[in-house]
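**Q** quick one: sequence plus predicted model below, questions after.
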Amino acid sequence: MALQTDAYELSMMQTYWRQGIGNRHAVFEVFFRKMPFENGYAVFAGLNHIIRYLKDLHFSATDIEYLHSTGFFDDEFIDYLANFKFHGTVRSMVEGELVFNHEPIVQVEGTLLETQLVETALLNILNYQIVVATKAARIKNIVGNQPVMEFGTRRAQEFDAALWGTRAAYIGGFDSTSNVRAGKLFGIPIAGTHAHALVQTYMNDYDAFKAYAQTHHDCTFLVDTFDTLKSGVPSAIRVANEMGDKINFKAVRIDSGDMAYLSKKVREMLDDAGYPNVKIVASNDLDEKTILNLKTQGAKIDAWGVGTKLITAMDQPTLGAVYKMVSVENAAGQMVDTMKLSNNVAKMSTPGKHQVWRINDKKDGKNEGDLVTLVGEDPRKLDSLYMFDPNYTFLNKTVTDFNARPLLQDIFVDGKQVYKEPTLKEIHDARQSHMDRLWDEYRRDLNPEVYPVDLSQKCYDNKMKMIKQIHEYVRKLH
Ligand SMILES: Nc1ncnc2c1ncn2[C@@H]1O[C@H](COP(=O)(O)OP(=O)(O)OP(=O)(O)O)[C@@H](O)[C@H]1O
Ligand SMILES: O=P(O)(O)OC[C@H]1O[C@H](OP(=O)(O)OP(=O)(O)O)[C@H](O)[C@@H]1O
Ligand SMILES: O=C(O)c1cccnc1
């Protein structure tokens with residue numbers, strides 16, 4: 001996977017290597033600037049894939065051969081790459097954690113060569129998985145305690161997106177997936193019904209449902225192939241009556257039409273036939289907006305299947321996370337902070353190597369906000385904490401009686417994995433408990449309050465000092 005990178009990373013590496021500075025130390029941090037879907041929180045996902053990628057990062061013999069064949073790079077540099085290994089240190093948010101814009105979510109520290117190489121792959125992973133996990137959380141937030149199944153593989157942007165997307169969806173709160181490979185590889189519970197093709201094969205609902213019932217114990221019948229109310233549901237009831245205890249008549253699925261109207265009618269029909277416990281599943285281009293709308297219309301839907309709009313993160317297909325250098329070794333062997341300046345305040349990076357602390361009220365456990373500090377600062381040692389908005393410093397508060405939890409955890413130290421990953425189920429459950437600590441004002445799906453991500457005084461002063469230094473440097477050029 002070492003070639004899963006942009007050519008410019010290798011070009012820069014060639015410069016560092018040729019100039020003899022490749023082994024200088026550097027620190028990069030990943031952050032994003034805008035909350036996805038204008039949501040009040042984002043759900044972190046992608047660490048498992050990052051670990052798999054970094055663990056075995058090397059250039060194979062055919063990679064080296066290919067690089068030579070391109071004529072794009074220096075031959076000696078390519079030969080150096082043949083022995084490349086990742087020896088860096090990685091700190092990261094853990095999967096299922098809630099994350100916010102303008103805070104570092106992953107930090108990579110190591111030689112210039114290795115930290116530069118991994119930029120593209122890390123962003124590739126995070127920019128997709130975080131939007132899908134967040135979209136899933138938004139959907140789950142509206143669905144509540146009802147089951148929600150991930151149905152997106154057929155509509156996903158190819159194999160990898162289907163696989164990692166469904167894992168991200170499970171982290172974001174989905175209960176199961178139709179993707180059997182994801183079930184095998186990740187242990188996500190698999191679920192599913194049947195398609196219209198089954199009904200078309202038998203050319204009528206009754207024969208199709210009967211055939212399915214004769215070959216399965218648990219039965220969910222798709223009732224909308226020809227006519228939901230006149231044919232689909234009556235046929236499902238007839239088959240259930242005939243099969244009795246031989247089957248578990250679990251549900252019917254509706255996949256078209258006015259699902260509020262149909263679900264209410266179907267509920268009446270099932271109840272009248274003596275099947276009050278049989279559930280109604282809905283699918284068809286759903287997302288949090290249609291689900292909320294259906295609920296407000298009083299739709300009698302008990303479970304949901306969601307594909308396209310989730311797996312493609314349709315309303316925001318990428319997070320826009322960036323990977324910025326925050327500190328680098330100078331010629332004298334000292335680490336110096338660095339930043340990317342911009343006329344646009346939102347585009348500026350924050351210099352220095354950081355830790356992120358989640359500040360909770362000790363009494364109610366609710367989040368007060370996140371505090372980005374320079375490494376070495378420890379808010380746990382303080383009795384009271386002054387928190388202020390770094391862009392509007394007049395917005396501030398002093399917090400006492402608080403807990404501070406460091407969010408960036410050691411994943412790799414000097415190339416060795418030190419982080420033991422939880423099971424995917426633990427990650428799935430952890431997200432819910434993180435959500436419980438978030439005030440409702442940040443959790444609502446429309447126009448949520450902006451969660452505070454503050455800089456410590458030291459971190460803020462460091463940034464201001466650096467902006468001043470860069471301004472002076474630019475002024476001197478004129
Ligand atoms: N009562 C409702 N209120 C709001 N949206 C609904 C309601 N019922 C269905 N929808 C949504 O409206 C959209 C209808 O899409 P579409 O026109 O493709 O469906 P259809 O014609 O019923 O079915 P088909 O998939 O066979 O074309 C879907 O996104 C569906 O989830
Ligand atoms: O609508 P989505 O959110 O993307 O969910 C997945 C869709 O995939 C299936 O449709 P498809 O027409 O592919 O096959 P089917 O015959 O099973 O309906 C299913 O019936 C859903 O409508
Ligand atoms: O099992 C289902 O009902 C299913 C699976 C994939 C896509 N649509 C529906």
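**A** Everything's here; your move. Ligands and ions are numbered 1, 2, ... in the order given.
**Q** are stretch 303-316 and ligand 1 in contact anywhere?
**A** No - using CB under 6 Å from any ligand atom, stretch 303-316 stays clear of ligand 1, with a minimum separation of 8.6 Å. Just so you know, the C-beta spots here come from the backbone N, C-alpha and C atoms, and that holds for glycine as well.
**Q** so, in contact with ligand 2 or not, that stretch?
**A** Yes - contact of stretch 303-316 with ligand 2 is found when judged by CB under 6 Å from any ligand atom, involving Gly305, Val306, Gly307, Thr308.
**Q** may I see the buried residues of that stretch?
**A** Of the residues in stretch 303-316, Ala303, Trp304, Gly305, Val306, Gly307, Thr308, Lys309, Leu310, Ile311, Thr312, Ala313, Gln316 count as buried by neighbour count, 16 or more other CB atoms under 10 Å.
**Q** report pLDDT for the first one.
**A** What it means is Ala303. The model reports Ala303 with a pLDDT of 98.
**Q** my read: it touches Ala251, true?
**A** Yes - here Ala303 reaches Ala251: they are 6.8 Å apart, a contact under CB atoms under 8 Å.
**Q** overlap in contacts, these two.
**A** Lys279, Ile280, Val281 (CB atoms under 8 Å, 6 or more residues apart in numbering).
**Q** could you give the backbone dihedrals for the second one?
**A** Yep, that's Ile280 we're talking about. According to degrees, to the nearest 10, the main-chain angles of Ile280 amount to phi -120, psi 120.
**Q** now the spatially most central residue of the chain, what are its backbone angles?
**A** The residue lying closest to the centre of the chain (CA atoms, centre = their mean) is Ile130, at 2.2 Å. Here is the backbone geometry of Ile130 (degrees, to the nearest 10): phi -70, psi -40.
**Q** separation between it and Thr350?
**A** Applying CB to CB, to the nearest Å, the value for Ile130 to Thr350 is 19 Å.
**Q** and if you look at Trp304?
**A** With CB to CB as the criterion, Trp304 and Thr350 are 40 Å apart.
**Q** please state the offset of stretch 433-444 from the chain centre?
**A** Relative to the mean C-alpha coordinate of its chain, stretch 433-444 is positioned 17 Å out (CA atoms, centre = their mean, to the nearest Å).
**Q** list the buried ones in stretch 241-251?
**A** Applying 16+ other CB under 10 Å to stretch 241-251 flags Met243, Ile247, Phe249, Lys250, Ala251 as buried.
**Q** quick revisit: okay, the residues of stretch 303-316 next to ligand 2 in JSON lines with secondary structure and distance to Leu185 next?
**A** What follows is the residues of stretch 303-316 next to ligand 2, written out as JSON lines (DSSP: H, G, I helix; E, B strand; the rest coil; distance: CB to CB, whole Å):
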{"residue": "Gly305", "secondary structure": "strand", "distance to Leu185": "21"}
{"residue": "Val306", "secondary structure": "strand", "distance to Leu185": "21"}
{"residue": "Gly307", "secondary structure": "coil", "distance to Leu185": "19"}
{"residue": "Thr308", "secondary structure": "helix", "distance to Leu185": "22"}
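**Q** before we move on, back to that, which among the buried residues of stretch 241-251 gets closest to Leu286?
**A** Ala251 (15.9 Å; CB to CB).
**Q** strand partners (parallel or antiparallel) of the helix or strand containing the closest one?
**A** Assigned by DSSP states H and E, Ala251 belongs to strand 248-254. Its sheet considered, strand 248-254 pairs with strand 218-222 (parallel), strand 279-282 (parallel) by DSSP bridges.
**Q** mind listing what the residue lying farthest from the centre of the chain touches?
**A** Most distant from the centre of the chain: Glu242, at 45.8 Å, with distances by CA atoms, centre = their mean. For Glu242, the contacting residues are Lys210, by CB under 8 Å, 6+ apart.
**Q** alpha carbons only: can I get the strand or helix carrying it in CSV?
**A** In the assignment (DSSP H and E), Glu242 maps to helix 233-243. Only the C-alpha atoms of helix 233-243 are listed here, as CSV (Å, rounded to 0.1, in the frame of the first residue of the first chain):
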residue,chain,number,x,y,z
VAL,A,233,-49.7,-8.1,2.4
PRO,A,234,-52.7,-10.5,1.8
SER,A,235,-50.3,-13.1,0.4
ALA,A,236,-47.9,-12.7,3.3
ILE,A,237,-50.7,-13.2,5.7
ARG,A,238,-52.0,-16.2,3.8
VAL,A,239,-48.6,-17.9,3.8
ALA,A,240,-48.1,-17.2,7.5
ASN,A,241,-51.5,-18.7,8.3
GLU,A,242,-50.7,-21.8,6.3
MET,A,243,-47.2,-22.2,7.7
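**Q** Arg431 should be in a helix, yeah?
**A** Yes - the assignment for Arg431 (DSSP: H, G, I helix; E, B strand; the rest coil) places it in a helix.
**Q** how much space between it and Thr225?
**A** According to CB to CB, Arg431 and Thr225 sit 37 Å apart.
**Q** quick one: is the host helix or strand of Val266 near ligand 1?
**A** Per DSSP H and E: Val266 is located in helix 259-272. Yes - contact of helix 259-272 with ligand 1 (CB under 6 Å from any ligand atom) involves Met259, Ala260.
**Q** now do that helix: distance to the chain's middle.
**A** Remark: helix 259-272 is offset 36 Å from the chain centroid, using CA atoms, centre = their mean.
**Q** avg pLDDT for stretch 85-93?
**A** 98.
**Q** how about the contacts made by the residue in the stretch 51-200 of the chain positioned nearest to ligand 1?
**A** Ligand 1 sits closest to His196 of the stretch 51-200 of the chain, with a gap of 9.1 Å, by CB to the nearest ligand atom. Counting by CB under 8 Å, 6+ apart, His196 makes contact with Leu222, Thr225, Asp255.
**Q** ditto for Lys246
**A** Going by CB under 8 Å, 6+ apart, the list of residues near Lys246 reads Ala213, His217.
**Q** quick check: it vs ligand 2, distance?
**A** Going from Lys246 to ligand 2 by CB to the nearest ligand atom, to the nearest Å gives 25 Å.
**Q** got phi/psi on that residue?
**A** According to degrees, to the nearest 10, Lys246 has phi -70, psi -20.
**Q** which one is the residue of the chain found nearest ligand 3 nearest to, not counting chain neighbours?
**A** Per CB to the nearest ligand atom, Gly192 is where the chain lies closest to ligand 3, at 2.9 Å. Of all residues beyond its chain neighbours, the one nearest Gly192 is Ser178 (4.6 Å), with distances taken as CB to CB, 6 or more residues apart in numbering.
**Q** cheers, nothing more for now.
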